[in-house]
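Trainee: pasted the sequence and its predicted model underneath.
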Amino acid sequence: MELAGRIGAWARRELEPRPEPSDDAAGRREARELLASLGKAGWFQPVLDQDFRACCLIREALAWASPLADAVFALQALGSVPIQLAGTEPVKDRWLPAVLRGQAMAAFAMTETEAGSDVGALSTRATREKNDYLLNGGKTFISNAGIADFYTVFATTDPAKGRKGISCFVVPAANPGLAFVRPLRISTPHPLGEIAFRDCRIPAEFRLGEEGGGLRLGLATLDRLRPTVGAAACGFAQRALDEALTHAAGRRQFGRPLAEFELIQEKLARMATELTAARLLVYRAAWERDKGKERTTLEAAMAKAFATEAAQRIVDDAVQILGGRGVLADHPVDRLYRAVRALRIYEGTTEIQQLSIAGELLKGPGGK
């Protein structure tokens with residue numbers, strides 16, 4: 001609780017007063033500024049410590065105050081955890097201290113035009129040439145594309161092996177043959193885009209783990225971090241509930257406060273109950289990982305699926321309670337409404353989480 005208090009106070013002081021960036025270019029500049037601010041304050045330390053309950057607390061507080069700050073934190077984790085798990089010591093020494101200080105921005109490059117949920121459809125190719133690999137292909141919907149200092153890239157080294165032929169590499173942004181193609185603009189400020197590889201040569205020591213072990217490494221990373229997506233959803237939901245409560249108590253209609261109307265009370269009660277249930281699932285999943293459980297696929301999938309879907313409902317209810325104010329572009333609830341939708345898609349859609357949950361259940365008590 002001491003950490004929750006510190007990060008909550010910092011987020012309210014340092015992040016809440018910052019205006020939302022006006023366009024994509026401003027959002028990219030803001031993301032770099034937020035990276036430096038988060039690093040200077042030491043908030044990336046739990047990522048390197050792999051303290052996932054702490055990561056959840058931090059993401060929940062950041063999401064309450066600033067969806068963009070939460071995204072910056074999330075990408076530092078996504079891009080650096082594979083290095084922690086499988087990088088060589090020189091690669092770890094080059095990137096992890098800079099990640100911790102907020103001096104190197106990370107990106108996680110898995111998604112392609114024809115490979116989203118179906119990771120086995122990756123077409124980006126990494127061809128071995130003596131002590132190097134040549135990367136060719138492209139990635140899309142990549143957060144921090146164009147502003148990252150390095151990319152954790154998934155590419156096929158043996159197409160004949162399908163999912164078992166995928167490997168993972170860390171690729172410096174300045175590497176010849178890596179190009180930022182274009183930004184992709186969405187409804188909320190977020191540095192998203194496409195990158196391309198054209199005979200991008202990287203040393204073999206930049207490969208993370210064994211050749212063909214990339215998908216396993218990627219899934220292990222997502223298993224660890226999916227509960228933190230649920231935590232961000234809880235942060236969005238808490239802010240929406242806070243705004244709804246304040247409005248309902250202060251807004252008068254038909255001669256009395258909105259909060260006295262039973263339909264409004266029903267919404268508030270449902271919002272608070274769903275948020276509490278989401279938190280229990282999120283922090284249970286993080287606790288299971290922190291206490292040493294090797295695989296938390298079931299717990300992580302439940303946490304992400306329930307928390308993100310609940311947050312969408314809670315934010316929507318907040319908009320309904322606020323009425324016209326809830327759709328004004330400068331209101332926090334409108335910002336939440338635009339930001340929360342993506343949580344149900346990235347790091348595995350809700351539908352994919354449901355398949356994971358069912359798959360784990362059907363293995364039975366023995367886990368086979």
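Mentor: Alright, I've got the coordinates. Residues are numbered from 1 along each chain as shown.

Trainee: pLDDT below threshold where in the chain?
Mentor: 1, 116, 366-368 (pLDDT under 70).

Trainee: again, 80 this time
Mentor: Scanning the chain for pLDDT under 80 picks out the ranges 1, 114-121, 365-368.

Trainee: okay, which residue is most central for it?
Mentor: Ala74 (4.3 Å; CA atoms, centre = their mean).

Trainee: helices of this protein, start to end?
Mentor: Under the criterion DSSP state H, helices of the chain are mapped to 2-14, 24-41, 45-49, 52-65, 67-86, 89-101, 214-250, 262-290, 297-322, 332-340, 350-362.

Trainee: let me have those helices in a markdown table, extended by distance to Ile142.
Mentor: (Each C-beta comes from the backbone N, C-alpha and C, glycine too.) Shown next, in a markdown table, are these (distance: least, CB to CB, whole Å):
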| stretch | distance to Ile142 |
| --- | --- |
| helix 2-14 | 26 |
| helix 24-41 | 13 |
| helix 45-49 | 19 |
| helix 52-65 | 20 |
| helix 67-86 | 10 |
| helix 89-101 | 17 |
| helix 214-250 | 14 |
| helix 262-290 | 26 |
| helix 297-322 | 20 |
| helix 332-340 | 18 |
| helix 350-362 | 19 |
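
Trainee: hey, which of these is tucked in deepest?
Mentor: Burial of these is given as mean neighbour count (mean count of other CB atoms under 10 Å); helix 52-65 ranks first at a mean of 27.

Trainee: only C-alpha atoms, please: export that one in PDB.
Mentor: Output of helix 52-65 as PDB, limited to C-alpha atoms (Å, rounded to 0.1, in the frame of the first residue of the first chain):
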ATOM      1  CA  PHE A  52       4.500  -7.800 -11.100                       C
ATOM      2  CA  ARG A  53       2.300  -6.700  -8.300                       C
ATOM      3  CA  ALA A  54       4.300  -3.500  -8.200                       C
ATOM      4  CA  CYS A  55       4.000  -3.100 -11.900                       C
ATOM      5  CA  CYS A  56       0.200  -3.500 -11.600                       C
ATOM      6  CA  LEU A  57       0.000  -0.800  -8.900                       C
ATOM      7  CA  ILE A  58       2.100   1.500 -11.100                       C
ATOM      8  CA  ARG A  59       0.100   1.000 -14.200                       C
ATOM      9  CA  GLU A  60      -3.200   1.400 -12.300                       C
ATOM     10  CA  ALA A  61      -2.100   4.800 -11.000                       C
ATOM     11  CA  LEU A  62      -0.600   5.900 -14.300                       C
ATOM     12  CA  ALA A  63      -3.800   5.000 -16.200                       C
ATOM     13  CA  TRP A  64      -5.900   6.900 -13.800                       C
ATOM     14  CA  ALA A  65      -3.900  10.100 -14.600                       C
END
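
Trainee: what helices and strands are in contact with that helix?
Mentor: The helices and strands touching helix 52-65, judged by 3 or more CB pairs under 8 Å, 6 or more residues apart in numbering; DSSP states H and E, are helix 2-14, helix 45-49, helix 67-86, helix 214-250, helix 262-290.

Trainee: which stretch among these comes nearest Tyr337?
Mentor: When the helices and strands packed on helix 52-65 are compared by CB to CB, helix 214-250 sits nearest Tyr337, at 8.4 Å.

Trainee: for the closest one, name the packing helices and strands.
Mentor: For helix 214-250, the elements it packs on are helix 52-65, helix 67-86, strand 150-156, strand 166-172, strand 256-257, helix 262-290, helix 297-322, helix 332-340, judged by 3+ CB pairs under 8 Å, 6+ apart.

Trainee: can you put those in a markdown table and add distance to Tyr133?
Mentor: Listed next are the helices and strands packed on helix 214-250 as a markdown table, based on distance: least, CB to CB, whole Å:
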| stretch | distance to Tyr133 |
| --- | --- |
| helix 52-65 | 31 |
| helix 67-86 | 15 |
| strand 150-156 | 8 |
| strand 166-172 | 7 |
| strand 256-257 | 64 |
| helix 262-290 | 31 |
| helix 297-322 | 30 |
| helix 332-340 | 36 |
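
Trainee: nearest to Gly102, of those?
Mentor: Gly102 lies closest to helix 67-86 among the helices and strands packed on helix 214-250, at 8.0 Å (CB to CB).

Trainee: nearest to Val340, of the helices and strands packed on helix 52-65?
Mentor: Val340 lies closest to helix 214-250 among the helices and strands packed on helix 52-65, at 4.9 Å (CB to CB).
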